[in-house]
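>>> pasting a predicted model and its sequence here:
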Amino acid sequence: MARSPKGVTVVDHPLVQHKLTLMRKKDASTKSVRELLREIAALICYEVTRDLPLEMVEIETPLVVMSAPQLAGKKLVFAPILRSGLGMLEGMLELAPSARVAHIGLYRDPATLNCVEYYFKAPTDLADRSVVMIDPMLATGNTAIAAADRLKEAGAKSIRLACLLASPEGLSKFTGHHPDVHVWTAAIDERLNDHGYILPGLGDAGDRMYGTR
Ligand code: URA
């Protein structure tokens, strides 16, 4: 793994880095952006889940009885922040198909710049599960902070954040507010521009995925 700030893991696997470069290109099609993001999400999920606890269970192979490891505890919860978080959800569900899903809809009020919730639906027993928040672009950090606040208010005690790109500003703001939430990202870019976009970045992730503007 690349050297990362405290509380952050940069997933520097060559496949992730190669696919990210393809995604960043301005002429990548919406189809390829969606496919690449799904593939990268699966690879990031592999790292995010690396330390999940295991328990030993007795099973029978066709030849003998053996003690074998299986995931312990309740199923994970993936919590995509709408709408661009949806672009990573399927790739993560490919690796952990039994995970539960919590949808979090937040928008920024243009007048107050506060995050306003318009949708929240999560399993009721969040306190007993590990939650992986999903947001491809950790830009100002405000949305991810509000989403983690909301998940904690709903009972979540163990939260991780999976993203694709992070700005240094967003990372330090997020880890300052939620030091207990570890962040995985494919890259930490240079900075935010005046409009809150990540530079060099890849533009608006939702627009690039869904062909909107
Ligand atoms: N959201 C995006 O989609 N892109 C950015 O660069 C910042 C926030």
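Thanks, I have the structure now.
>>> okay, CA-based contacts and neighbour counts for the rest of this
Noted.
>>> please pull up the helix or strand immediately following the longest helix seen in the chain.
Using DSSP state H, we find that the single longest helix of the chain is helix 30-48. Next helix or strand after helix 30-48 toward the C-terminus (DSSP states H and E): strand 54-60.
>>> for that following strand, packing partners?
strand 65-71 (3 or more CA pairs under 8 Å, 6 or more residues apart in numbering; DSSP states H and E).
>>> what angle sits between the strand it packs on and strand 54-60?
140 degrees (axes from the mean of the first three to the mean of the last three CA atoms, to 10 degrees).
>>> next SSE after strand 65-71?
Per DSSP H and E, the helix or strand that comes after strand 65-71 is strand 77-82.
>>> which helices and strands does that following strand pack with?
Against strand 77-82 (3+ CA pairs under 8 Å, 6+ apart) you get helix 86-95, strand 100-101, strand 103-108, strand 130-134.
>>> report the helix or strand with the lowest average pLDDT across the protein.
Lowest by mean pLDDT, DSSP states H and E among the helices and strands of the chain is strand 103-108, with a mean of 92.
>>> what does it rub up against?
79-83, 114-122, 143, 147 (CA atoms under 8 Å, 6 or more residues apart in numbering).
>>> among the helices and strands packed on strand 77-82, which comes closest to D194?
When the helices and strands packed on strand 77-82 are compared for distance to D194 using CA to CA, the nearest one is strand 103-108, at 15.9 Å.
>>> tell me the secondary structure for the residue of the chain most remote from its centre?
Outermost residue of the chain with respect to the C-alpha centroid, by CA atoms, centre = their mean, is L63; its distance is 40.8 Å. What DSSP: H, G, I helix; E, B strand; the rest coil gives for L63 is coil.
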